[in-house]
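Undergrad: Sequence and predicted structure, then a few things I'm wondering about:
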Amino acid sequence: MEDREIIKQVLQGDTDSFRLIVERYHIPVIRFVRNMISDNQMCEDIAQDVFLTAYKKLSSFDPYYSKFPTWLFVIARNKSINVLKKKKPLSMEDVPEKMNIEEPSDKLAQNEFFEKLDEILDSLPLKQKEAFILAEFEKLPYARIAEIQGARIGTVRSRINRAKNNLKSALKDFEGYIS
């Protein structure tokens, strides 16, 4: 069933149909929020808040203005930004310049790499981080990211490129893990 049909049913009083929306978009929303927040415990709460807000404001969704997933990601983005504003961000200066890895195949080294990647992602400027996550993890096209961020496609490309360059330079000692 298409999103529009489900939304129409929900707006006509069949509130149980909203479950189909949640089932369809729960994983992408959780993944997006987790990548924005990097706090697994908070992710579920934020995702629930995203769906609750979407349900309450469903009548304001305009299918001629945007696609439903775009509208939903905007809500997830805004909820994530509100949480991030309350957290103290890590700056790029706080990330160590070099990491010693004895054996790249070592599981401990791999875990260290992913922890460092999360740390560095958290240190990126918010709009860069958001654009990078939407492009690389959610595999959204630049045009959709531009809609979500309310920016031009060129600006989105620039943000993603800067994020990649920042990540690449901060992770230069982990060359075996970066493709």
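TA: Nice, I can see it.
Undergrad: contacts and neighbour counts: CA atoms only from here.
TA: OK.
Undergrad: Where do the domain boundaries of this protein fall?
TA: Structural domains assigned to the chain are 3-86, 92-174, following automatic domain parsing.
Undergrad: I'd like the average pLDDT over the last one.
TA: This means domain 92-174. The pLDDT scores in domain 92-174 average 79.
Undergrad: same check, this time on the longest one
TA: Across domain 3-86, pLDDT averages out at 91.
Undergrad: ok, now which ones touch the residue nearest the centre of the chain?
TA: Per C-alpha atoms, centre = their mean, the C-alpha nearest to the average position across the chain is that of residue 32, at 3.0 Å. By C-alpha atoms under 8 Å, 6 or more residues apart in numbering, the contact set of residue 32 is 76, 133-134, 137-138.
Undergrad: Check the offset of the strand or helix carrying it from the chain's centre.
TA: Here residue 32, judged by DSSP states H and E, is contained in helix 18-37. In terms of C-alpha atoms, centre = their mean, to the nearest Å, the centre of helix 18-37 is set 10 Å apart from its chain centre.
Undergrad: Could you list the buried residues of whatever helix or strand comes next after it?
TA: Remark: after helix 18-37, the chain's next helix or strand is helix 40-56, criterion DSSP H and E. Residues of helix 40-56 classed as buried by neighbour count (16 or more other C-alpha atoms under 10 Å): 43-44, 46-48, 50-51, 54-55.
Undergrad: could you list every residue that touches residue 12?
TA: With contacts taken as C-alpha under 8 Å, 6+ apart, residue 12 has no neighbouring residues.
Undergrad: Got the phi and psi for it?
TA: phi -90, psi 10 (degrees, to the nearest 10).
Undergrad: going forward can the numbers begin at 48, since that is how I track them
TA: Done: numbering now begins at 48, and the last item shifts to residue 59.
Undergrad: And it, how far from residue 53?
TA: Going from residue 59 to residue 53 by C-alpha to C-alpha, to the nearest Å gives 10 Å.
Undergrad: now swap in residue 205 and tell me
TA: For residue 205 relative to residue 53 (C-alpha to C-alpha), the value is 36 Å.
Undergrad: So for these two, which residue has more residues nearby?
TA: Just comparing residue 205 and residue 53: by other C-alpha atoms under 10 Å the higher neighbour count belongs to residue 53, 19 against 14.
Undergrad: now the contacts of residue 79 in a markdown table, with neighbour count?
TA: As requested, the contacts of residue 79 are exported to a markdown table (neighbours: other C-alpha atoms under 10 Å):
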| residue | neighbour count |
| --- | --- |
| 123 | 25 |
| 180 | 22 |
| 181 | 23 |
| 184 | 13 |
| 185 | 15 |
